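In: dropping the sequence and predicted coords here.
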Amino acid sequence: MVGDADALRERDEALRRGDAAWQRLQEVLDAHIDTPLDGRAGWTGKDVYAHFARWQQRSIDELCDLLTGRWRPAVGADDEDTLNDHWAAEDASLGADDARARCLTTRAELRRTVAGLDAGRWQRFGRLFDDITGPHYEHHLRAAGG
């Protein structure tokens with residue numbers, strides 16, 4: 001079993017990796033705020049900011065449910081594309097500044113919440129939140145060729 005100090009170091013390192021990936025992704029998003037990042041999908045930087053605002057908010061809600069003892073099933077892999085398409089349609093008229101602001105706000109809240117997890121909670125479920133620890137950012141960096 002991992003000790004508390006090791007678990008907290010792991011949490012902090014995961015957040016640092018997420019911060020570094022986020023910084024790289026944010027540079028790409030800002031450079032393509034109104035132009036497609038990936039010819040295949042056609043998402044712009046604004047679209048990805050809106051996408052992350054939605055997923056980060058969902059992660060905040062799920063994490064709060066876990067912290068208060070309420071839990072709802074996560075979206076299955078088969079449902080993620082449907083959910084992404086639904087959110088993208090809802091956010092299509094959103095301005096770039098609003099999409100970016102929503103993303104930055106939800107990212108700060110999610111990061112603060114994950115950073116506040118004690119060792120036990122980090123080990124039980126904190127690792128699940130890849131919207132802040134890097135893998136989700138890295139996915140979009142690869143898609144954008146970054």
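Out: All right, it came through fine. Residues are numbered from 1 along each chain as shown.
In: residues of the one helix or strand Glu27 maps to that come out buried?
Out: Using DSSP states H and E, the secondary-structure element containing Glu27 is helix 4-31. By 16 or more other Cβ atoms under 10 Å, the buried positions in helix 4-31 come out as 7-8, 10-11, 14-15, 18, 21-22, 25-26, 28-29. To be clear about C-beta, it is placed using only N, CA and C from the backbone, and glycine gets the same treatment.
In: what packs against the helix or strand bottoming out on mean pLDDT in the chain?
Out: Sorted by mean pLDDT, DSSP states H and E, the helices and strands of the chain end with helix 77-91, the least confident at a mean of 87. Packed against helix 77-91, as judged by 3 or more Cβ pairs under 8 Å, 6 or more residues apart in numbering; DSSP states H and E, are the following elements: helix 45-67.
In: next, the angle from the helix it packs on to helix 77-91.
Out: Angular relation of helix 45-67 and helix 77-91 on a 0 to 180 degree scale: 120 degrees, by axes from the mean of the first three to the mean of the last three Cα atoms, to 10 degrees.
In: mind checking the backbone torsions on the residue most central in space within the chain?
Out: Most central residue of the chain, judged by C-alpha distance to the mean C-alpha position with Cα atoms, centre = their mean, is Asp131 at 2.5 Å. For Asp131, the backbone dihedrals (degrees, to the nearest 10) come out as phi -70, psi -10.
In: do I have it right that it meets Trp55?
Out: Yes: here Asp131 lies in contact with Trp55, judged by Cβ atoms under 8 Å, at a distance of 5.0 Å.
In: mind checking the SS state of Gly42?
Out: Following DSSP: H, G, I helix; E, B strand; the rest coil, we place Gly42 in the coil state.
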